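J.: what follows is a predicted protein model with its sequence.
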Amino acid sequence: MTVIRSELHCSDISLYGTDLRRLEEGGRLALREGLRVSIQPRSIDQDRERALGVIEEGARVAERLRAEGEVTLNTGCEMSLFTRGFLPWHTFLSRMRSLTWAWPFLPAVNSRLNRHLLDVSAAARKHFGGRITYGAGTWETVDWTPFDLVGVNLYRDRWNQKSYVSDLRRLFEWGKPVLITEFGCSAFEGAERLGGGGWAIVEFDHDPPRLKPGYRRSEETRAAYVGDLLGIFVEEGVTGAYVFDFAQPSFPHDPDPALDLDMAGYGLVKIIGAGTEGSPHRWERKEAFEVVARAYGAV
C-alpha cells in the first residue's frame, strides 16, 4: 500500500476478492495510507441468490470501512460470466469460452442481468451509505440508473480498437461520472490486440502450466498500451481508472520462457518465485510501473 501511494502516486485503489476478511484488512491498510478505497466482493460460480448474499456481506464490510475514510462499493465484476444463471454453462471458464459464439443470446442475458442488478443495488444500499457502482464487461449492456457511477472494465483489443474512444464517450450519456474499473495488457508481442484476453496464451492443463509456443516477451507492449489508455482517459475526463493489476502471484516469472507466466499476466510488478505462508513473494518493478508512476504523478 505504501508503494502504491508513494511511488505510483495513486489516490485510489480497487480491492477485489472472495475473502471478505482480507478485503476488510486490505481496505483498512489502504485507508491508513491515505488512499480512497473501492471494495469489490466477488463470488465465482455461485447462483444469483448466493451471489446476492455475498454482496450484502460485502456492503457491511464497506460500511465499516467508510467510518475510517472514503470508500466506494463495487457490487461485482462481469456477473454474466462470474455468476451462474445468465449463460447456461455451469463454470466460469465454459461461460467465458461461450462468448466467442453466444452473441445472439446477449439481449436475453442482459435483460436478466439488469433485473438482477436492481436487486444487487437495493441489497447494497440496505447496508452501505456511500457511492455504488458495478464492473461491467464490454458485452454487457447495463442500465446504470440504480448506480452512482458508470463502471466498465474497458480493455482495448483488435475488436474495438477503432471504436474505443467513441465507446468510452457513450458512457457519459448517462450523465454520471465514468469509472474505468479495469484496464491493462499482457507483456508479449501482439498482446495489445488481445486486451483482456492475453491470459489465454497459458495452457493450464499442463503441470506446471506453460505458455503456448511462439510468443515473445515485450514489456514495451504493456507499457505503451497502459500509457496510451491513460492519456485517453485524461483527455476524455473519466473520474478514475484502475490499472489491472498491481501484482498477480498466480502468474509468476520464470527464467524458462516456456514457463514465464508473467508474460501472460497483467501485473505492474514481476513476481519472482512461488511465495509461501512463511515466505512472501518477492517482486520487481516493471516498465509499465514507471509509466503509471509518471502519469499519476503528473495529475
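T.: All right, it came through fine.
J.: quick check: pLDDT value at the residue lying closest to Asp245 once chain neighbours are set aside.
T.: In this structure, Asp245 finds its nearest non-sequential neighbour in Tyr266, 4.9 Å apart by C-beta to C-beta, 6 or more residues apart in numbering. From N, CA and C alone the C-beta is placed, and that goes for glycine too. Tyr266 is assigned a pLDDT of 97 by the prediction.
J.: then the one 3 residues further on?
T.: What the model reports as pLDDT for Val269 is 96.
J.: tell me the contacts of it?
T.: 246-247, 283-286, 289 (C-beta atoms under 8 Å, 6 or more residues apart in numbering).
J.: phi and psi next, for Phe188.
T.: Comment: the main-chain dihedrals of Phe188 come out as phi -150, psi 160, following degrees, to the nearest 10.
J.: I'd guessed it sits against Tyr225; true?
T.: No. The pair Phe188 / Tyr225 is not scored as a contact, 11.5 Å apart, by C-beta atoms under 8 Å.
J.: least confident secondary structure element in this structure?
T.: helix 92-98 (a mean of 83; mean pLDDT, DSSP states H and E).
J.: pull out the buried positions in the helix or strand following that one.
T.: Tracing the chain past helix 92-98, the next element assigned as helix or strand by DSSP states H and E is helix 106-127. Buried positions in helix 106-127, judged by neighbour count with 16 or more other C-beta atoms under 10 Å: 106, 109-110, 113-114, 116-117, 120-121, 123-125, 127.
J.: dump the residue contacts of the residue nearest the centre of the chain.
T.: Nearest to the mean C-alpha position of the chain, counting by C-alpha atoms, centre = their mean, stands Glu182 at 3.9 Å. Glu182 makes contacts with 14, 77, 135, 153-155, 196, 242, 244, as judged by C-beta under 8 Å, 6+ apart.
J.: please identify which of those is nearest to Glu173.
T.: Leu154 (15.1 Å; C-beta to C-beta).
J.: tell me where this protein has helices.
T.: For the chain, the helices defined by DSSP state H occupy 2-6, 20-32, 48-66, 79-82, 92-98, 106-127, 164-171, 219-236, 287-297.
J.: for the fourth one, enumerate the helices and strands it packs against.
T.: The one in question is helix 79-82. Here helix 79-82 is seen to pack against helix 92-98, helix 106-127 when contacts are counted using 3 or more C-beta pairs under 8 Å, 6 or more residues apart in numbering; DSSP states H and E.
J.: contacts for the shortest one?
T.: It refers to helix 92-98. Contacts of helix 92-98 with the rest of the structure, by C-beta under 8 Å, 6+ apart, involve 44-45, 80-82, 86-87, 89.
J.: one more pass at 6 Å, please.
T.: 44-45, 81, 87, 89 (C-beta atoms under 6 Å, 6 or more residues apart in numbering).
J.: give me the buried positions along it.
T.: Of all the residues in helix 92-98, those buried under the rule 16+ other C-beta under 10 Å are 95-96.
J.: ok, for Trp103, nearest residue in space, not its chain neighbours?
T.: The shortest distance from Trp103 to any residue other than its chain neighbours is 7.7 Å, reached at Trp139 (C-beta to C-beta, 6+ apart).
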